[in-house]
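Undergrad: turn this into a model:
(one chain, ligands or ions: 1)
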Amino acid sequence: MRRTFNEHIIRRVSDLCGSWRFLTDPEDKGDKLGYANGLPEGEMVSVPSVWNTDLGRLNYNGCAWYEKTFYSEGGTLLFDFESVMTKADVYLDGEHVGEHYGAFSEFDIIVKDVKSGFHTLVVRVDSRVNEKSIPQERVDWFNYGGIARDVSVHSLEGISILTNHIKYTLSEDLSSADACSELELFNAKGEKCSSRVVVAIGETEIYSANVELEAYETKTILTPSVKMKDISLWDVDSPVLYSVIANTDTDDLIDRIGFRHIVAGNNQILLNGKPIEIRGVNRHEEHPDWGFAFPAHLMKKDIDLICDLGCNSVRGSHYPQSRLFVDMLDERGILFWSEIPIWGGGFNEKTLSDNDVVERGLEMHREMVKYYYNHPSIIIWGMHNEVWTPYAPVYNITKKYSEFLRANGGNRLITHATLCPLEETTYEFDDIICINLYHGWYYGDMSAWDKLMVDLKAYMEKTGQTGKPVIMSEFGAGALAGYHQHFDNVRWSEEFQADLLEYCLELFHKTDYIHGFYIWQFCNIRTYHKIDLNRVRCFNNKGILDEYRNPKAGYFAVRRLYQKFAKE
Ligand code: ADA
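TA: As a prediction, this is how the structure comes out:
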């Protein structure tokens with residue numbers, strides 16, 4: 001498990017990253033051939049990785065098998081997978097022990113009664129897309145396949161802690177918090193078992209009690225609230241984090257929280273009671289050499305660049321990004337928008353009416369909340385991106401997802417990114433209105449932005465949304481790195497992109513009901529070769545950095561304005 005700190009001191013955890021045997025299965029016959037018991041052949045690859053960045057495999061889309069041998073003293077084991085792209089079937093010593101769908105969601109699989117000795121873990125990975133997939137085939141990023149984030153195996157003994165969400169309410173003056181813990185406990189023993197369970201936030205013990213569970217029972221406990229006085233807030237200029245340690249007699253789980261409050265309304269976004277303007281970028285967690293198996297040192301570099309730009313926020317477009325990255329944002333006081341990969345352009349009305357797809361989306365929200373709940377940097381949950389909201393079923397989906405997030409998502413703003421701001425039917429479910437538009441690039445000229453500022457205000461009044469803060473969540477233009485022009489309006493030049501971004505940022509910044517902006521996009525990304533939107537080189541070239549993080553003129557234009565706005 002890659003975090004910036006150790007999650008366990010008591011629990012025995014073995015890292016399963018490193019060399020795995022790997023075999024592609026283009027005809028999908030591995031099941032019949034018994035690959036689940038062990039691969040007959042294969043090359044050694046390094047996990048985490050995606051296979052498409054290997055020589056000759058860029059466009060391989062299908063099944064592949066991974067095998068790893070490991071030693072365990074046995075008992076109850078928990079296998080933690082941070083990201084398998086996209087469908088995973090997991091086999092232990094030939095037995096199917098679990099499966100998971102969804103490229104960017106972490107999941108774990110518990111296996112009981114494992115014998116002591118060497119074991120073979122086999123994972124069948126299927127990257128193919130069908131009519132029930134999230135995202136759909138038509139998407140503006142590359143559909144990589146592989147085991148893209150870390151894998152580990154944990155020995156669970158006695159009463160074990162599966163999750164620990166710290167819930168708190170701040171006093172009006174923000175100096176104290178009523179905090180409690182929602183603990184998911186599991187008895188890893190095949191007989192009744194009891195243990196003392198203790199939870200502490202920093203130096204303050206907020207819970208200590210004996211808990212008894214039946215054999216293999218899972219139980220969720222909401223502990224009583226405890227007042228914590230004189231707390232330090234987590235804020236952008238002072239990101240104070242508290243350790244959270246949960247212990248049983250045989251297990252532990254360590255995490256961190258930050259106390260902060262976010263609210264939107266009355267034409268402002270207030271972080272810890274103070275108005276804030278969001279200065280952000282959209283970031284894919286992708287690199288041409290590693291795909292989605294993104295190295296830690298590059299995460300730090302991305303954040304250094306994001307800070308250098310003068311940003312105070314990142315939108316994790318369009319899926320949950322590594323928790324390691326979010327840990328780094330927690331530590332550096334950068335606000336984060338986390339969303340699931342419902343990328344509207346690929347979804348037609350029929351798919352959006354399909355109950356399996358809707359439930360799959362809900363499950364992705366559940367997983368996002370489960371693993372990311374404690375991160376203070378996450379201030380926004382995104383439900384979907386550019387789904388065509390005038391479609392009838394979208395109203396119900398948005399209602400369903402917003403109800404789930406409101407009930408379970410903690411103190412966060414809920415939104416979706418729309419591309420039809422003047423036809424929207426679902427603003428009522430949002431705390432902030434988020435708009436993706438490409439005037440001056442795909443359609444319209446720059447004056448269309450000025451007109452939008454007027455029309456949107458009128459539409460919000462008409463639909464009863466006045467006072468809800470607006471964020472411009474995507475806008476931008478393609479630029480080929482190194483292509484320069486003296487003349488105005490030469491598409492694909494770095495100057496064209498820089499001019500468009502400057503125009504937009506200055507306009508949005510002076511518009512009273514707009515409270516933030518996320519540039520599309522931080523850096524170029526590799527994309528789906530069939531997407532019909534001028535993807536020169538098969539990349540989306542709207543990055544203000546190229547895909548290797550070299551700056552274009554747009555980077556310096558944005559930096560000049562963001563740093564200026566930050567000082568105002
Ligand atoms: C959309 C979408 C992005 C990207 C962008 C573009 O707004 O949300 O993922 O595809 O358009 O570059 O066209």
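
Undergrad: next one: K87 from R549, what distance?
TA: To R549, K87 is 31 Å away according to C-beta to C-beta, to the nearest Å. C-betas here are computed from N, CA, C, even on glycine.

Undergrad: just give the nearest non-adjacent residue to F118, would you?
TA: Y71 (5.4 Å; C-beta to C-beta, 6 or more residues apart in numbering).

Undergrad: ok, the helix or strand that contains that neighbour: who's next to it in the sheet?
TA: Counting by DSSP states H and E, the element that carries Y71 is strand 63-72. According to DSSP bridges, strand 63-72 has the following sheet partners: strand 18-25 (antiparallel), strand 117-126 (antiparallel).

Undergrad: could those go into CSV alongside mean pLDDT, distance to E502 and mean neighbour count?
TA: CSV is the format used below for the strands paired with strand 63-72 (pLDDT from 0 to 100; distance: least, C-beta to C-beta, whole Å; neighbours: other C-beta atoms under 10 Å):
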stretch, mean pLDDT, distance to E502, mean neighbour count
strand 18-25, 98, 47, 18
strand 117-126, 98, 44, 19
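
Undergrad: list the contacts of whichever residue of the stretch 151-300 of the chain sits closest to the ligand.
TA: Residue nearest to the ligand within the stretch 151-300 of the chain (C-beta to the nearest ligand atom): N282, separated by 7.4 Å. Contact partners of N282, counting by C-beta atoms under 8 Å, 6 or more residues apart in numbering, are V314, R315, S317, S473, E474, Y518, I519, W520, Q521, F522.

Undergrad: let's see 10 Å
TA: Each residue near N282 by C-beta atoms under 10 Å, 6 or more residues apart in numbering is listed here: 314-318, 337, 385, 417, 436, 473-476, 518-523, 525, 542-543.

Undergrad: so of those, which ones are in helices?
TA: Among the contacts of N282, DSSP state H puts none in helices.

Undergrad: of those, which ones also sit close to the ligand?
TA: Contacts with the ligand within those, counted by C-beta under 6 Å from any ligand atom: S317, H318, N385, N436, E474, W520, K542.

Undergrad: tell me the two of the residues you listed that are most distant?
TA: Within the ones next to the ligand among the contacts of N282, two members stand farthest from each other by C-beta to C-beta: N385 and K542, at 15.0 Å.

Undergrad: now for the residue nearest to T204 when sequence neighbours are not counted: which residues touch it?
TA: Of all residues not flanking T204 in the chain, M228 sits nearest, at 5.5 Å (C-beta to C-beta, 6+ apart). Shown in contact with M228 (C-beta under 10 Å, 6+ apart): 168, 170-171, 175-179, 201-204, 206, 242, 259.

Undergrad: what's the nearest residue to G258 if we skip its chain neighbours?
TA: Leaving out its chain neighbours, the residue that sits closest to G258 by C-beta to C-beta, 6+ apart is W234, at 2.6 Å.

Undergrad: now find how far off-centre stretch 464-478 is within its chain.
TA: Chain-centre distance of stretch 464-478: 21 Å, with C-alpha atoms, centre = their mean, to the nearest Å.

Undergrad: any buried residues in it, and which?
TA: Q465, K468, P469, V470, I471, M472, S473, E474, F475, G476, A477, G478 (16 or more other C-beta atoms under 10 Å).

Undergrad: same question, stretch 179-195
TA: So, applying 16+ other C-beta under 10 Å, buried residues of stretch 179-195: A179, C180, S181, L183, E184, L185, F186, N187, A188, K189, C193, S195.

Undergrad: show me the beta-bridge partners of S152.
TA: Bridge pairing for S152 (DSSP bridges) gives the partners D15, D80.

Undergrad: got the contact list for the closest residue to C504 other than its chain neighbours?
TA: For C504, ignoring the flanking residues on the chain, the nearest one in space by C-beta to C-beta, 6+ apart is F475 at 5.1 Å. Neighbouring residues of F475 by C-beta under 10 Å, 6+ apart: 282, 435-441, 449, 500-501, 503-505, 508, 517-520, 542.

Undergrad: returning to what we had before: gap between the helix or strand containing the residue nearest to G258 and the chain center?
TA: Using DSSP H and E, the element containing W234 is strand 234-235. Strand 234-235 sits 20 Å away from the centroid of its parent chain (C-alpha atoms, centre = their mean).

Undergrad: quick one: strands adjacent to the helix or strand following that strand?
TA: Heading C-terminal from strand 234-235, the first helix or strand you meet, by DSSP H and E, is strand 238-239. The pairing partners recorded for strand 238-239 under DSSP bridges are strand 234-235 (antiparallel).

Undergrad: contact partners of the strand it pairs with?
TA: Taking C-beta under 10 Å, 6+ apart as the rule, strand 234-235 contacts 240-242, 256-261, 271-272, 274, 276, 330, 333, 376-377.

Undergrad: same thing but at 7 Å, please
TA: Strand 234-235 is contacted from outside by V240, L241, G258, F259, R260, L271, N272, G333, P376, using C-beta atoms under 7 Å, 6 or more residues apart in numbering.

Undergrad: what does stretch 261-269 give?
TA: Residues contacting stretch 261-269 (C-beta under 7 Å, 6+ apart): 170, 174, 270-273, 275-276, 379, 411-413, 431-432, 467, 469, 513, 515.

Undergrad: identify the residues contacting the nearest residue to C63 once chain neighbours are set aside.
TA: Using C-beta to C-beta, 6+ apart and skipping residues adjacent in sequence, the residue nearest C63 is D25, 4.2 Å away. Going by C-beta under 7 Å, 6+ apart, D25 touches G62, C63, A64, W65.

Undergrad: what parts of the chain come near the ligand?
TA: Going by C-beta under 6 Å from any ligand atom, the residues of the chain near the ligand are D140, S317, H318, N385, E386, N436, E474, W520, L533, N540, K542.

Undergrad: OK, contacts around the residue lying closest to the last one once chain neighbours are set aside?
TA: Setting aside the residues directly before and after it, K542 is nearest to G476 in space (C-beta to C-beta, 6+ apart), at 4.4 Å. For G476, the contact set (C-beta under 7 Å, 6+ apart) comprises W441, L501, I519, W520, Q521, K542.

Undergrad: pLDDT wise, what is G476 at?
TA: G476 is assigned a predicted lDDT (pLDDT) of 98.

Undergrad: N37 contacts H96, doesn't it?
TA: No - judged on C-beta atoms under 7 Å, N37 makes no contact with H96 at a distance of 11.2 Å.

Undergrad: most proximal residue of this protein with respect to the ligand?
TA: D140 (3.2 Å).

Undergrad: secondary structure class for that residue?
TA: coil (DSSP: H, G, I helix; E, B strand; the rest coil).

Undergrad: count of neighbours near it?
TA: By other C-beta atoms under 10 Å, 21 other residues sit near D140.

Undergrad: quick check, it in contact with I531.
TA: Yes - counting by C-beta under 7 Å, D140 does reach I531; the two are 5.7 Å apart.

Undergrad: and the strands paired with strand 63-72: which comes nearest P295?
TA: Nearest to P295 among those is strand 18-25 (14.6 Å), distances taken as C-beta to C-beta.

Undergrad: which other residues reach stretch 345-356?
TA: Contact partners of stretch 345-356, identified using C-beta under 7 Å, 6+ apart, comprise 131-132, 135-139, 357, 386-387, 391, 393-394, 397.

Undergrad: what's the nearest residue to V84 if we skip its chain neighbours?
TA: I147 (5.3 Å).

Undergrad: for V97, that is, sorry about that
TA: With C-beta to C-beta, 6+ apart, the residue lying closest to V97 is V111, at 4.9 Å.

Undergrad: that neighbour: helix or strand, and which one exactly?
TA: Judged by DSSP H and E, V111 forms part of strand 107-114.

Undergrad: how about that strand: buried residues?
TA: For strand 107-114, burial by neighbour count (16+ other C-beta under 10 Å) applies to F107, D108, I109, I110, V111, V114.
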